[in-house]
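Undergrad: below are the sequence and a predicted model for it; my questions follow.
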Amino acid sequence: MSHELFSSLDAFISLPSPPPLSVRENDGTYRPANDAELLRAAQRVLAGQLRGTDMLSAPALVKDFLRVRLGALTHEVFAVIHLDRQHRLLDYVEMFRGTLTQTSVYPREVLKDVLVRNSASVVMVHNHPSGDSKPSRADEILTQMLRSALAFIDVKVVDHMVVTSSGIMSMA
């Protein structure tokens, strides 16, 4: 199952939509959808439901999207959920891809992306392929560093979430 980095929710919404349980081939025949096709369809549906959603009033929807998107990955990904002043979702951006145990996050790039999207607040997200949702000391340091950097441009960090295949841990 391959997961590619994408730059926004628009990437999901614009994906071709396969039928939920079967795929029509060019010759008109149908075959069962494979796991990757089913995941892409689920991600597309959840991404479509997220845009403009109040993050704080729909936490289950956000968690479902994050679990489907990041939970099964075998490498770390760091993403940012961009919010407006009313905590409505503006965008979801996967910014950095790492290895099995770590990913490099560059605060300068996070700040640039926040300014481009005119975000009022953000939720930082990354996955732990190991399955252990407990934040590491490095996760805590990164959270504080980004919280401080974003405060200089009046952007609030609402949360930093750690995603595994079995659940999500909030660092808030």
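TA: Noted; the coordinates are in hand. Residues are numbered from 1 along each chain as shown.
Undergrad: only C-alpha atoms from now on, for both contacts and neighbour counts.
TA: OK.
Undergrad: show me where pLDDT drops low in the chain?
TA: Within the chain, the ranges that satisfy pLDDT under 70 run 1-20, 38-39, 41-57.
Undergrad: all helices of it, in order?
TA: 9-13, 35-50, 59-70, 107-117, 137-151 (DSSP state H).
Undergrad: mind putting these in CSV, mean neighbour count included?
TA: Below are those laid out as CSV (neighbours: other CA atoms under 10 Å):
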stretch, mean neighbour count
helix 9-13, 17
helix 35-50, 18
helix 59-70, 18
helix 107-117, 15
helix 137-151, 15
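Undergrad: need these in a markdown table with distance to Asp159, can you?
TA: A markdown table is the format used below for the helices of the chain (distance: least, CA to CA, whole Å):
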| stretch | distance to Asp159 |
| --- | --- |
| helix 9-13 | 19 |
| helix 35-50 | 17 |
| helix 59-70 | 12 |
| helix 107-117 | 15 |
| helix 137-151 | 9 |
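Undergrad: would you agree Ser121 is in contact with Asp84?
TA: Yes - counting by CA atoms under 8 Å, Ser121 does reach Asp84; the two are 6.4 Å apart.
Undergrad: of these two, which one has the most company?
TA: Neighbour totals were compared for Ser121 and Asp84, and Ser121 leads with 24 against 19 (other CA atoms under 10 Å).
Undergrad: residues touching the closest residue in space to the more buried one that isn't next to it in sequence, list them.
TA: Excluding the flanking residues, the one nearest Ser121 by CA to CA, 6 or more residues apart in numbering is Lys156, at 4.5 Å. Lys156 is in contact with 120-122, 147, 150, counting by CA atoms under 8 Å, 6 or more residues apart in numbering.
Undergrad: any idea how far Lys156 lies from Thr143?
TA: 12 Å (CA to CA, to the nearest Å).
Undergrad: ok, Val157 - contacts?
TA: By CA under 8 Å, 6+ apart, Val157 lies in contact with 121-124, 147, 150.
Undergrad: redo that, cut-off 10 Å
TA: 82-83, 120-124, 143-144, 146-148, 150-151, 172 (CA atoms under 10 Å, 6 or more residues apart in numbering).
Undergrad: determine which two of those residues are furthest apart.
TA: Leu83 and Gln144 (19.0 Å; CA to CA).
Undergrad: quick one on the thing from earlier: mutual contacts of Lys156 and Thr143, please.
TA: Ala149.
Undergrad: that older thread, from the contacts of Val157, pick the one nearest Ala60.
TA: Val123 (14.6 Å).
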